[in-house]
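*Asks:* below: sequence and its predicted model.
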Amino acid sequence: MIDETKIARALAGNLGTTELTAEEFAAWEERFTELMGQPSPEELAFFEERRRSGLGVGLDADGKLVHGTSRT
């Protein structure tokens with residue numbers, strides 16, 4: 001049986017994955033992988049500001065990495 005509370009706590013960093021059963025770890029791993037593949041609102045805002053400033057690497061509208069041009 002999978003304890004969703006334990007998985008949520010592990011995803012939040014409040015429980016070590018070694019404390020999950022094999023079933024729970026498999027569910028955690030799937031969700032963790034999915035979450036890591038999606039930028040957070042904070043990441044989106046960070047890269048948007050960099051794009052507006054013409055600095056460094058950011059994300060385009062499709063979520064692909066791009067390099068902004070520097071202002072000189």
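*Replies:* Arrived safely. Numbering: from 1, shown residues only.

*Asks:* where does E42 fall, phi/psi-wise?
*Replies:* Per-residue torsions, E42: phi -70, psi -40 (degrees, to the nearest 10).

*Asks:* near it, how many other residues are there?
*Replies:* 8 (other C-beta atoms under 10 Å). The C-beta positions use only the backbone N, C-alpha and C, and glycine is treated the same way.

*Asks:* can you check F46 too?
*Replies:* For F46, using other C-beta under 10 Å, the count is 14.

*Asks:* and if you look at L65?
*Replies:* 9.

*Asks:* my read: it touches V57, true?
*Replies:* Yes: in this structure, L65 is within contact of V57 by C-beta atoms under 8 Å, at 5.6 Å.

*Asks:* need the residues touching each of these two.
*Replies:* Counting by C-beta atoms under 8 Å, 6 or more residues apart in numbering, L65 and V57 have no contacts in common.

*Asks:* which helices and strands sit right next to the helix or strand hosting E48?
*Replies:* If you go by DSSP states H and E, E48 is part of helix 41-53. Helix 41-53 is packed against strand 57-59, with contacts defined by 3 or more C-beta pairs under 8 Å, 6 or more residues apart in numbering; DSSP states H and E.

*Asks:* could you give me the average pLDDT of the strand it packs on?
*Replies:* When pLDDT is averaged over strand 57-59, the result is 70.

*Asks:* and for stretch 24-39?
*Replies:* On average, stretch 24-39 scores 94.

*Asks:* which of the residues in that stretch are buried?
*Replies:* Residues of stretch 24-39 classed as buried by neighbour count (16 or more other C-beta atoms under 10 Å): E24, F25, A27, W28.
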